[in-house]
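S.K.: Below are the sequence and a predicted model; questions follow.
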Amino acid sequence: MAGSGSYGAVPSTPLLKDELDIVIPTIRNLDFLEMWRPFFQPYHLIIVQDGDPSKTIRVPEGFDYELYNRNDINRILGPKANCISFKDSACRCFGFLVSRKKYIFTIDDDCFVAKDPSDKEINALAQHIKNLLSPSTPFFFNTLYDPFCEGADFVRGYPFSLREGVPTAVSHGLWLNIPDYDAPTQLVKPLERNTRYVDAVLTIPKGTLFPMCGMNLAFNRELIGPAMYFGLMGDGQPIGRYDDMWAGWCSKVICDYLGLGVKTGLPYIWHSKASNPFANLKKEYNGIYWQEEIIPFFQSVTFPKECTTVQKCYIELSKQVKAKLGKLDSYFNKLADSMVAWIEAWNEFSASGKVGAAAAEVPNGPAKGK
Ligand SMILES: O=c1ccn([C@@H]2O[C@H](COP(=O)(O)OP(=O)(O)O[C@H]3O[C@@H](CO)[C@H](O)[C@H]3O)[C@@H](O)[C@H]2O)c(=O)[nH]1
Ligand SMILES: [Mn+2]
């Protein structure tokens, strides 16, 4: 169940306080932060305001944040702003691009503090940090789950040569209450709630894809940030609610190739609002059809040896998307071009805090809070 708001113990010195940004895509006031205050207040927030930029988003007092609306995105990225979705939670990836920190945690504004079976408030951010700071084991499955967590280890028969593990790039959290179901499942099971708390963190094996949900997600921006592009969704696009899926498939094949790990499981958040299944069906229907081709495409992706960085892998991926998925629908030609624009913007902003001719001098986000 959702936390009551009487908060659990909070680490005295917040881990990664100055090395992690919290990115929130939003179209509403951020009162939900009140419940997260003990866990989030020490961290810097990057708020990506979607929809009407003239609307004022209320942020509770005491948070250190920078807020970007569509006017800011257009000013900072210039023509490349077209690669950032409008009227879709995919806009959150703009926050990943402008962050200067090593780690990112992104959360939706209808996600609240959940309670574990002992009725203790779950500090989801602390669990994600634990997941990211401990190695992953993608090459050989440990049947006692995460060998690096308290009270577990590698089981008999686990090769000692593989026990060092690999750096963890992604930590994928889950949700109690409203599960992240697609529209058809939502329509068939409108009252289904997730009440099952599974106390486990798993490394997703190399060579296995997974449906990455963006509502409770953390990643090492230095290891995999350039691959966390949430695609072209929402306004003017033939697809929606496949933003996080696209980023998850792209990043997983690149993590597999570069020898990086992806974990899923703890932490849980309490997802409070089910979005409209009919609206979701309209957004998803192409994706449900196309993904039967998209998944075999990602399963067949290989990278030439020249691809030694995430950016080079991503550009190579964009070429393969155009060559192999462009036949499926012309949307994928547009998407492939946007993937290139994203990498160019990422590289330019990382180098100078500016993008393209706009060269809008962007301080590292005007702190508009605290
Ligand atoms: O046009 C929009 C709509 C919403 N947002 C912000 O995005 C998140 C998620 O919105 P919401 O909770 O309403 O939608 P869900 O269906 O639960 O979203 C999850 O499903 C996937 C959609 O791709 C994704 O994994 C989750 O986001 C909220 O913070 C809204 O304020 C927006 O920015 N623009
Ligand atoms: Mn939601």
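M.R.: Received it, and whenever you're ready, just let me know what you need. Residues are numbered from 1 along each chain as shown. Ligands and ions are numbered 1, 2, ... in the order given.

S.K.: Nearest spatial neighbour of the residue of the stretch 51-200 of the chain found nearest ligand 1, chain-adjacent residues omitted?
M.R.: Shortest the stretch 51-200 of the chain-to-ligand 1 distance, computed as C-beta to the nearest ligand atom: residue-wise this is residue 89, at 3.0 Å. Quick note: C-beta positions are derived from backbone N, CA and C, even for glycine. For residue 89, ignoring the flanking residues on the chain, the nearest one in space by C-beta to C-beta, 6 or more residues apart in numbering is residue 25 at 4.7 Å.

S.K.: Surely the one you found is within a strand?
M.R.: Yes: read with DSSP: H, G, I helix; E, B strand; the rest coil, residue 25 is one of the residues of a strand.

S.K.: Surely it touches residue 46?
M.R.: No: with contact taken as C-beta atoms under 8 Å, residue 25 and residue 46 are classed as non-touching, separated by 9.9 Å.

S.K.: what is in contact with these two at once?
M.R.: residue 95 (C-beta atoms under 8 Å, 6 or more residues apart in numbering).

S.K.: give me phi/psi at residue 214?
M.R.: For residue 214, the backbone dihedrals are phi -90, psi 0 (criterion: degrees, to the nearest 10).

S.K.: In contact with it, which residues?
M.R.: When the contact criterion is C-beta under 8 Å, 6+ apart, the partners of residue 214 are 89, 92, 106, 108, 230, 243, 244, 247.

S.K.: cool, residue 218 as well?
M.R.: With contacts defined as C-beta under 8 Å, 6+ apart, residue 218 is in contact with 103, 104, 105, 106, 125, 128, 129, 131, 132, 170, 171, 173.

S.K.: count of neighbours near the first one?
M.R.: Looking back up the chat, that one is residue 103. Neighbour count of residue 103, defined by other C-beta atoms under 10 Å: 24.

S.K.: what's the answer for the fourth one, then?
M.R.: Residue 106 is flanked by 25 other residues according to other C-beta under 10 Å.

S.K.: Same question for residue 154.
M.R.: Residue crowding around residue 154 was assessed by other C-beta under 10 Å; the count is 18.

S.K.: any idea how far residue 263 is from the nearest residue to it once chain neighbours are set aside?
M.R.: The shortest distance from residue 154 to any residue that is not its chain neighbour, by C-beta to C-beta, 6+ apart, is 4.6 Å, and that residue is residue 147. Using C-beta to C-beta, to the nearest Å, residue 147 is found at 12 Å from residue 263.

S.K.: who has more neighbours, those two?
M.R.: residue 263 (26 against 18).

S.K.: now stretch 254-274: how far from the chain's centre is it?
M.R.: Computed by C-alpha atoms, centre = their mean, to the nearest Å, the chain-centroid distance of stretch 254-274 equals 8 Å.

S.K.: Stretch 105-118 too?
M.R.: Relative to the chain's own centre, stretch 105-118 is displaced by 15 Å; criterion: C-alpha atoms, centre = their mean.

S.K.: Report the buried residues of that stretch.
M.R.: Neighbour-count burial for stretch 105-118, counted by 16 or more other C-beta atoms under 10 Å, picks out 105, 106, 107, 108, 109, 110, 111, 112, 113, 114, 115.

S.K.: Does the first one belong to a helix, a strand or coil?
M.R.: Using three-state DSSP as the criterion, the local structure at residue 105 reads strand.

S.K.: Nearest residue to it in space, please, no chain neighbours.
M.R.: Going by C-beta to C-beta, 6+ apart, residue 105 has residue 218 as its nearest residue, at 4.3 Å.

S.K.: and that neighbour, what pLDDT?
M.R.: In the predicted model, residue 218 carries a pLDDT score of 99.

S.K.: quick one: what helix or strand has it in it?
M.R.: Using DSSP states H and E, residue 218 maps to strand 216-220.

S.K.: With residue 71 instead?
M.R.: Taking DSSP H and E as the definition, residue 71 sits inside helix 70-77.

S.K.: Would you mind writing the CA trace of that helix as PDB?
M.R.: Taking C-alpha atoms only, helix 70-77 is exported to PDB below (Å, rounded to 0.1, in the frame of the first residue of the first chain):
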ATOM      1  CA  ARG A  70       8.900  23.600 -24.400                       C
ATOM      2  CA  ASN A  71      10.200  27.200 -25.100                       C
ATOM      3  CA  ASP A  72      13.400  26.300 -23.200                       C
ATOM      4  CA  ILE A  73      13.800  23.100 -25.200                       C
ATOM      5  CA  ASN A  74      13.400  24.900 -28.500                       C
ATOM      6  CA  ARG A  75      15.700  27.700 -27.400                       C
ATOM      7  CA  ILE A  76      18.500  25.300 -26.200                       C
ATOM      8  CA  LEU A  77      18.300  22.700 -29.000                       C
END
